[in-house]
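Participant: Generate coordinates for the sequence data below:
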Amino acid sequence: MTKEPNIYRALDFFMVRTPVLPFNLFIQCFPSDWKDQEELKRFSLNKLVELSNDSIIREAIAVASPSLLESLSHLGNDQNARKKAQAIKGFMRYLLRMMTRPTPFGLFSGVTYGQFAEQSQMNIEGIATYRKRVRPDMEWLLKIVDKIEKQREVVVQLRIQRNSLIYRQGERAKIPYVARYGDLGVGESDSVSVRASAVFDLVMEASINPIPYLELVFRIKSAFMEAELDTIHHYIWQLFEQEFLISELRPPTTSIEPFDHILSVLDGVEGIDEWKAALNEIRRNIRSYNNRLIGQGEEQLLQLRQMMNALAEVKTTVQVDLSLEDRSVTLPYQVREDVEKVAQLFSRISTRKYRHLEEYCNEFIEKYGSYQEIPILELLDEEIGLGPPATYQNPSSVHRQLKNPSVPFSTKCEQLLFKWFVSCMHQGEQEIVLTNERIQQILEDESDKTTSELIPTPSMELYFLMVVQDREALNRGEYTLVLGPNPGSSGAGKTFGRFIDLMGVSFKNMFNEIHEEEQRLSPGKLLAEISYLPSAARSTNVVLTENFRTYEIGIGTNHTVPEDQQIHVSDLMVGVRDDKFYLKSRKHNCEVIPTAGHMLNYQGAPNVYRFLVEVSQEGYRQWSTLEWGVMDQSPFTPRLRYGNIVLSPATWRIQLSGKTSESEEKLELLVREFSMQWKVPRYVYMTQFDNRILFDMEHPLHVEEICKDLKSKGQVTLIEHIGGLEDMPIHRSDGHLTAEFVFPLVRRTEEMDLAQAEVAVSKETEISRRTVVDASQRVQLPGGSWFYAKFYGIDSRQDEFIGRQWGDFVQKCREAGVIEQAYFIRYSDPTRHIRVRFNMPSGNDISSFIPIFHEWTTMLLQDGMINKVVVDTYEPEIERYGGPELMRLAERMFACDSDVTANLVRLLRFKQIQLSQEVVAVCGVIQYMTQFGYNEQKVYELLNERFDVKEYLDDFRNERRLFLQLLGRDSSELAPLHQEGKLIHQIGQHREEAVKRYQQVLLEHERQGTLMNNKDDILFSVIHMYLNRLIGIDRDKERKVMIMARHALNSLLQYWRKS
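Facilitator: Below is the predicted model:
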């Protein structure tokens, strides 16, 4: 395990996150050596009152919770116990967060970056050097945009542009998601539609690029001279209100200064001087507040809030982040190696799957086939496409639920952890040590090959806390890394996103390495950052970042890149390759990988945004931590350690059994009894998700807080604090600081052999599908030239049906002149059935065929061969077989092949030949491929490229002589051809003319550059369908047949060379 080269390389820089207050203050405020609990409580309460007057703490509270700031006066209020208790709870928790939790939040904690070096440097400058960065909260800012855009006299002075989310459904144009300035109500529809009239089409065509509002009005007027100007004004205004048109005022989220963007746009607008004066005054006050030291801005912050609320009232007016400014932190290279080792482990053990996308992909293939590309907006529309995948929420699918959710102990890893967990409990220990042998056991026993074969994700981030005595110990390698409660992200740089402007200009050159490395891992593909305006305005604070990608996808807002680098959502197509989705831009004729350089959780996002993000990740093996699974419900799970790295701290779960009305005394007794029984250490973090607060289990104030949560929520989770209270990594003049380090990693180029294989396939896709097939060519409704039906209840008698019923019925219909040709395939949806397709003669309707078909199916029903017939729409896989013209020839080839396989199945089913099904199939594969114009040498090379040369060698050796007899018919030195071999060869010749005609036209399209698929891919698709008809749906058996064909040709060619 450790001897293998690591898959990932940690970049030269990392993020450092520390709380604003030193850990020493925790010890001062909540001392550990007091015996009398009441005296201890009084002391700590007095300390809280004292700290509530600290200007730095007060300003941090003012940023986080103005209401709590107002209540601080109640800390010493003995007249109102309820208000005092509320103030204590709120203030103490915030104060503990300011001391012990490094996650950025207002002025509670700050960020900077460090680098790796030979020796560590862990001292940073004091609070006086820290820098605030204040921006208007996006909820407030979008309310301002909303108010301004409601004024038509303003909008007519702006440039407007068509929304890139528009798509057509018949005679209507739709938008699946409207932002509504981030104020979409719960349950409110976030999609709109209008009639797509000639006027609408002209408006959309004229506004592809930004156009002045009035210029658009007059352009429409010039095309429709009879229309009143007011009518045109009204129509365009309606489109604007419904977000079919958006103005340049909307801030792109790939800009770190959206307020500046808005003020810049408004600068040239006339008639709103009061608005401009007020907004510019707010900007001046924000800049002034930014320049004040922490602790000197409380009053100015309150005034700023009042000023902003006078324009638009919201709960939170400003969004504040804190830069530590000091860039001198360095960590030794050994830390880098440890981080890379964990990344390697998490990548290799991962069985993480997008089960909902796997199921959705199967539905996609069922409806569209594997070779068709569908516009993403059409696909996600429930009325004209598949609708959203299971688990999608905005909007949720009407009929789609996750069919195969994960089950307990579904992975070998989870089973092994349970085994070690039981052993740990039995021995009374609190730690499981993951040795290299145990790691190897996990990797060897993990049965999910589909995950392990995926290419590792291009990049990731891992979060670690550090426990270390001092700088010297760190340099000696005497430290412990503790994986953070939120362990990391799915892409390098995401955590830096909203803080990128706090890192300084020179940092951006280092940061750009992420894009360069990821682009190197995906050559020929377009990496495009999503500029996305969420439906909840406050969420927009999280997504604000700078775009380091060349391309950009806008959802609900504007772009920051030139038009030729913009990718509209309406331009994106969805296809399937190797049972995974990919996205392609029609405009650029190239695969697109959407990226999101921020940490917004996409689970509840609009479907189109979530789908873009998930598809960009699904094709890779995503990393995952070691999951406890059902053991997460137990009262205790032990520490999980890997060398000097704690992957999971020891955890305790206290749960109330039903009653939540217990007295405080009883709850406190329950907590103390649990702590003794389960050996809970003194210092623990009470956690909820990745939120955590350090508590002392022997301090009365802290136990009270745990009991309050236990009473209100019914359960609490406690995790151990690892190390001593002074084992903090960062040193400042006023004490030690805890810290969390964010390490971005990228996949090494040693893994490029995998990536190159991926690129080779994707380039085939780019070359082949440039033509969009019209729906009239694709969709064949019942009653037209094709009749399509599905026969159910036929599972165990499929071969009997094919060998006995199919050929006779088709022959009867041909002789009666009611059909021209027909073919069948076997299918599973998941019920196994047979699909039959009948092509009517030119000029004939279906009326002559239906009575004969009804008579036949009635007989099949009475005979018990079928139990149901479903008539459906025929949608041929046009792209898969090269294009519309080739599809017609492919159908002729399929019809001939159905005749061939029906005859072969009859021979096998009724034992009219001694040859096995496998041997017949192998001979048929080789014959089919040579009918495509390939000689035996070329067929061998094609098979040799795709299949493992070592598989099934023993099976082949047993049949080698037989295959030489069957295939070596031109060699006089061989024994006379097996008579059965002659028979199956003669049967196969029935399709030769149809195959050759198809191949001729295929080569013409290839020369002209109009072939919609790769030639070899088409060949193997045809062979796959042949084996489907002959042997049924069995991937393993099909694979064996192809490998045996490879072995047979290899032996034949060697024999010829020798002779």
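Participant: so where is this protein shaky, pLDDT-wise?
Facilitator: Along the chain, the parts satisfying pLDDT under 70 run over 1-4, 185-189, 399, 404-410, 445-452, 658-661, 750-772, 969-977.
Participant: domain ranges for it?
Facilitator: The record's domain parsing of the chain by automatic domain parsing lists 136-290, 342-455+503-621, 650-721, 774-875, 881-1059.
Participant: and Phe116, which of these is closest to it?
Facilitator: domain 342-455+503-621 (11.9 Å; CB to CB). The way it works is simple: take the backbone N, C-alpha and C, and place the C-beta from them, glycine included.
Participant: Need the domains of the chain in a markdown table (columns: distance to Gln115).
Facilitator: As requested, the domains of the chain are arranged in a markdown table below (distance: least, CB to CB, whole Å):
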| stretch | distance to Gln115 |
| --- | --- |
| domain 136-290 | 23 |
| domain 342-455+503-621 | 8 |
| domain 650-721 | 26 |
| domain 774-875 | 54 |
| domain 881-1059 | 46 |
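Participant: From the contact counts, what lies against the longest helix anywhere in the chain?
Facilitator: Ordering each helix of the chain by length in residues (DSSP state H) puts helix 884-909 first. Judged by 3 or more CB pairs under 8 Å, 6 or more residues apart in numbering; DSSP states H and E, helix 884-909 is in contact with helix 798-800, helix 807-816, strand 821-828, strand 832-839, helix 917-931, helix 979-988, helix 992-1008, helix 1015-1031.
Participant: what's the most buried one of the ones you listed?
Facilitator: When the helices and strands packed on helix 884-909 are scored by mean count of other CB atoms under 10 Å, the highest mean neighbour count falls to helix 917-931 (a mean of 22).
Participant: And the next helix or strand past it?
Facilitator: helix 936-946 (DSSP states H and E).
Participant: Helix 917-931 and the next helix or strand after that following helix, what's the angle between them?
Facilitator: The first helix or strand that comes after helix 936-946 along the chain, using DSSP H and E, is helix 953-967. Counting by axes from the mean of the first three to the mean of the last three CA atoms, to 10 degrees, helix 953-967 points 60 degrees away from the direction of helix 917-931.
Participant: Show me what helix 953-967 is packed against.
Facilitator: Under the contact criterion of 3+ CB pairs under 8 Å, 6+ apart, helix 953-967 touches helix 917-931, helix 1035-1058.
Participant: Could you list the buried residues of that helix?
Facilitator: Using 16 or more other CB atoms under 10 Å as the test for burial, helix 953-967 gives 956, 959, 963-967.
Participant: Same question for stretch 554-569.
Facilitator: For stretch 554-569, the neighbour count (16+ other CB under 10 Å) marks 554-561, 565-569 as buried.
Participant: Distance across it, terminal residue to terminal residue?
Facilitator: Taking CA to CA, to the nearest Å as the measure, stretch 554-569 stretches 7 Å from start to finish.
Participant: Run the chain-centre distance for that stretch.
Facilitator: Stretch 554-569 sits 21 Å away from the centroid of its parent chain (CA atoms, centre = their mean, to the nearest Å).
Participant: ok, now stretch 706-718?
Facilitator: With CA atoms, centre = their mean, you get 34 Å for stretch 706-718.
Participant: Give me the contact list for it.
Facilitator: With CB atoms under 8 Å, 6 or more residues apart in numbering as the test, stretch 706-718 has contacts from 89, 651-656, 660, 662, 664, 667-668, 670-671, 680, 684-688, 695, 697.
Participant: among the residues you listed, which are in strands?
Facilitator: Counting by DSSP state E, the part of the contacts of stretch 706-718 found in strands is 651-655, 684-688, 695.
Participant: a markdown table for these, including distance to Lys143?
Facilitator: Shown next, in a markdown table, are these (distance: CB to CB, whole Å):
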| residue | distance to Lys143 |
| --- | --- |
| Thr651 | 42 |
| Trp652 | 45 |
| Arg653 | 42 |
| Ile654 | 43 |
| Gln655 | 43 |
| Val684 | 42 |
| Tyr685 | 37 |
| Met686 | 36 |
| Thr687 | 35 |
| Gln688 | 31 |
| Phe695 | 39 |
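Participant: just the buried members of the contacts of stretch 706-718?
Facilitator: 89, 651-654, 656, 667-668, 670-671, 680, 684-687, 695, 697.
Participant: Closest one of the ones in strands among the contacts of stretch 706-718 to Leu889?
Facilitator: Set against Leu889, the nearest of those by CB to CB is Gln688 (63.2 Å).
Participant: what about the longest helix of the chain, distance to the chain center?
Facilitator: Put simply, helix 884-909 sits 40 Å off its chain's centre (CA atoms, centre = their mean).
Participant: what do you get for stretch 544-554?
Facilitator: Relative to the mean C-alpha coordinate of its chain, stretch 544-554 is positioned 18 Å out (CA atoms, centre = their mean).
Participant: For Gly76, which non-adjacent residue is closest in space?
Facilitator: Excluding the flanking residues, the one nearest Gly76 by CB to CB, 6 or more residues apart in numbering is Val49, at 5.1 Å.
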